[in-house]
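Just a sequence and a predicted model for now, questions to come.
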Amino acid sequence: MLGAYVYAVLAFIIVPLVIVIPMSFSQNDYLAFPPTGFTLKWYAEYFDSRQWRAATWLSVQVALLTAACASLIGTAATYAMVRGRSRLVTLFQILLIGPIIVPHIALAVGLYLFFQTIGLSGTVPGFVLAHTVLTLPFVVFTMAAALGSVDANLEAAAMSCGATRFQAFRFVTLPLVLPSLASGALFAFIISFDEPVVSFFLSGIRQKTLPRRMFEDIEQNLTPIIPAIATLLIPAIATLLIVLSIAILLGGHALRSRSKTQSSAG
C-alpha cells in the first residue's frame, strides 16, 4: 500500500513535466497537447526576445543578491540566536516564522504600500529586500541545525589561544558550517528566483522578473514559449537541487567527522 502511494506521488510530480516538455516543441501558436509537429522556434523566440532576456537576467540578479544578503544576515542572526543568552531569542524566533505563516499576498500588499512610499517599488534593491525577508527563515533554520551541532568549546579554546571571537568563528566554526551555509544560500536563490506573488506586486513597467513576465504571457498570449522556458528551467533547478543535496551530505559528514575526532580525543 505504501509503495503504491509513493508511486502515485512520483507520478503526480513527473506527469506535468512529461506534458510540458513536448508542448515546448509544438508548431501550434497556442498551448495544445498532444503537440503537432516539431519546432525550436519557441526557444529561438525566447533567446531572441530582449524582454524575456531582461526578465531572466533581473531574476538572476535579484536571486544572487538575495542569496548573499540572506546568507550574511542569516548567519549573523543564527549565531546570535544559538550562542546568545538573550531573552529576546524566543521573540526573534516567532518573528522569523512570520514570513512563512503569513500569506504572501498579504505580505506583498504591505511591502508594496511601504516601498511605494519610500521609492523602492519596481527597483532591484526593493526586490532584494523583499525576497530577503521571505528567504531569511530558511537560511536561519538551516544554519541553526548546523551551528547547534558545533561544540562551543572549540571557539572557547581558540579564544584562549589569543584569537578574537570573530577569528574563532571564521577559522573554527565557519569551515564546519560552510556546507549548511551553501545549502541555505541555494535555498534562498531558488525561492527568490521562483517567487511570483511579491514580485508581481513590486514589479514596475520596466522591471519585471521572469515569473511576472510568464504570468503576463499566460494571461495575454498563452503560447508554447511558456513550456519552452519551463523546459529550460527544469535542468537548471535540478542541478541546483543536486548541488544542494551534495552540500547537505558534505555538511553532515563534516560534523560527524568532527564529533568522532572529539570523542577520540576525549
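On my side now, so go ahead. Residues are numbered from 1 along each chain as shown.

For the host helix or strand of Val18, buried residues please.
Using DSSP states H and E, Val18 sits within helix 2-23. Neighbour-count burial for helix 2-23, counted by 16 or more other Cβ atoms under 10 Å, picks out 20, 23. Every residue, glycine included, has its C-beta placed from N, CA and C.

What is it packed up against?
helix 225-265 (3 or more Cβ pairs under 8 Å, 6 or more residues apart in numbering; DSSP states H and E).

And the helices in the protein?
Using DSSP state H, the helices of the chain run over residues 2-23, 41-48, 50-83, 89-101, 104-118, 124-148, 152-160, 165-168, 174-193, 197-202, 210-220, 225-265.

can you list the weak-confidence ranges in the stretch 51-200 of the chain?
Applying pLDDT under 70 to the stretch 51-200 of the chain picks out residues 86.

do that again at 80, thanks
For the stretch 51-200 of the chain, the stretches with pLDDT under 80 are 83-96, 98, 148-155, 162-166, 172.

just to revisit the earlier point, now the helices of the chain as CSV including distance to Ala32?
Listed next are these as CSV, based on distance: least, Cβ to Cβ, whole Å:
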stretch, distance to Ala32
helix 2-23, 7
helix 41-48, 13
helix 50-83, 21
helix 89-101, 38
helix 104-118, 31
helix 124-148, 34
helix 152-160, 61
helix 165-168, 60
helix 174-193, 28
helix 197-202, 27
helix 210-220, 15
helix 225-265, 11
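
wait, which of those is closest to Leu31?
Closest approach to Leu31 among the helices of the chain (Cβ to Cβ): helix 2-23, 6.2 Å.

ok, back up a step: alpha carbons of the helix holding Val18, as CSV, please.
This file holds the C-alpha atoms of helix 2-23, laid out as CSV (Å, rounded to 0.1, in the frame of the first residue of the first chain):
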residue,chain,number,x,y,z
LEU,A,2,2.8,2.4,0.9
GLY,A,3,4.6,1.6,-2.3
ALA,A,4,1.6,2.4,-4.4
TYR,A,5,1.2,5.7,-2.5
VAL,A,6,4.9,6.6,-3.3
TYR,A,7,4.5,5.7,-6.9
ALA,A,8,1.3,7.8,-7.1
VAL,A,9,3.1,10.8,-5.6
LEU,A,10,6.0,10.4,-8.0
ALA,A,11,3.6,10.2,-11.0
PHE,A,12,1.9,13.3,-9.8
ILE,A,13,5.2,15.1,-9.8
ILE,A,14,6.6,13.7,-13.1
VAL,A,15,3.5,13.7,-15.3
PRO,A,16,3.3,17.5,-15.6
LEU,A,17,7.0,17.5,-16.7
VAL,A,18,6.3,14.9,-19.3
ILE,A,19,3.5,17.1,-20.6
VAL,A,20,5.3,20.4,-20.5
ILE,A,21,8.5,19.3,-22.4
PRO,A,22,6.7,18.0,-25.6
MET,A,23,4.5,21.1,-25.7
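
got the angle for it vs helix 41-48?
Interaxial angle of helix 2-23 relative to helix 41-48 (axes from the mean of the first three to the mean of the last three Cα atoms, to 10 degrees): 70 degrees.
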